[in-house]
Each structure stands twice: as structure tokens, then as C-alpha cells.
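Chemist: Starting from these lines, generate the structure:
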Amino acid sequence: MTPQQIQLIRSSFEPLKPLAATVAEAFYAQLFNRDPALRALFRGDDMAAQGERLMQMLAAAIELLDRPASLELVLLKLGQRHAGYGVAEAHYASVGAALLDTLAAGLGHGFTPEVREAWTAMYGHVARTMQRGSASQPEPMAA
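Modeler: From the prediction side, this is the model:
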């Protein structure tokens, strides 16, 4: 990612911070609408708490964008954890599309082609790194 892309991500995320709960709720609505089978991965989880964790993870990743080694360690561990929850490689495309749709809706005209490209680059990096972490995690056991 370029320094300009990092700045675009940070500046576009800033107005969403005070709306974190609403943004997270919109994200999960997008995600489950796009891929209803993913709802089963959140077995009775408190979706408000899950949304809070999502927004905290996004904020932490954005903070580490200019420290790639630190970001990589966090994302590898996150990928391992998500593999344990049953997240498969195919799920990452649904998550990425839901994220971009949520950002487009939340930012409106502020979601310019350049901002979209920056977020696409960031999510691509996040997904690839988490998938590498996931590959080092044993398959989840059937319940």
C-alpha cells in the first residue's frame, strides 16, 4: 500500500468511528444478505459485541498500516483464530464485498474511486495474510 492509500483509509475511517455500532450492524446485514450461510459461524454470539470487536480490529489494523511487520503478526494470529471458528478461504470474498458495500453506503460521495481502491488494497492484504495464518491452524473439529 502506498502512503497516499494509507492516508485515504485513515481519513475515510475517521467519520465512521462515532458511528461504529451502526456501521458494524450495517456490515453484518450486508454480509448475511450476501452469504446467509455465514450466519451459522456466529452461533448465538452477541452481535453488538461482535460488531464492537470488528470495529476495534479495523481501527487497530488501520493504525498499523505503516508498520507492516507488526500488522502481519496481528493478522496471522487473527487468521489462526478465525480458522478455529470455521472461517474458510471462500468466506473472505463475501466479507470483502460486504465491507466495501458498507463503506460505500456509509461514506456516500466520500467513497471516491481512489478511496475504494485504497480499501480494496487494504482488505486484500488483510485477507491474504489472515489466510496464511489460517493455513497454519488445524481444521476445526465437528461439533
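Chemist: C-alpha only now, for contacts and for neighbours.
Modeler: Will do.
Chemist: Identify each buried residue in stretch 122-131, please.
Modeler: For stretch 122-131, burial by neighbour count (16 or more other Cα atoms under 10 Å) applies to 122-123, 126-131.
Chemist: Same question for stretch 44-63.
Modeler: For stretch 44-63, using 16+ other Cα under 10 Å, the buried residues are 50-52, 54-55, 61-62.
Chemist: Any regions of this structure where pLDDT drops low?
Modeler: 137-143 (pLDDT under 70).
Chemist: what's the closest of the buried residues of stretch 44-63 to Tyr28?
Modeler: Gly51 (7.9 Å; Cα to Cα).
Chemist: what about the closest one, which helix or strand?
Modeler: helix 47-63 (DSSP states H and E).
Chemist: Alpha carbons of the longest helix along the chain, as CSV, please.
Modeler: Under DSSP state H, the helix in the chain containing the largest number of residues is helix 113-135. Coordinates of each C-alpha in helix 113-135 appear next as CSV, following Å, rounded to 0.1, in the frame of the first residue of the first chain:
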residue,chain,number,x,y,z
PRO,A,113,-12.8,5.6,-6.7
GLU,A,114,-9.4,6.4,-5.0
VAL,A,115,-10.8,5.6,-1.6
ARG,A,116,-12.4,2.4,-2.9
GLU,A,117,-9.1,1.3,-4.4
ALA,A,118,-7.3,2.0,-1.1
TRP,A,119,-9.8,0.0,0.9
THR,A,120,-9.7,-2.8,-1.7
ALA,A,121,-5.9,-2.9,-1.4
MET,A,122,-6.0,-2.9,2.4
TYR,A,123,-8.7,-5.7,2.6
GLY,A,124,-6.7,-7.7,0.0
HIS,A,125,-3.7,-7.6,2.2
VAL,A,126,-5.6,-8.3,5.4
ALA,A,127,-7.4,-11.3,3.7
ARG,A,128,-4.2,-12.8,2.2
THR,A,129,-2.3,-12.5,5.5
MET,A,130,-5.2,-13.9,7.6
GLN,A,131,-5.5,-16.8,5.1
ARG,A,132,-1.8,-17.6,5.6
GLY,A,133,-2.4,-17.6,9.3
SER,A,134,-5.4,-19.8,8.8
ALA,A,135,-3.4,-22.3,6.8
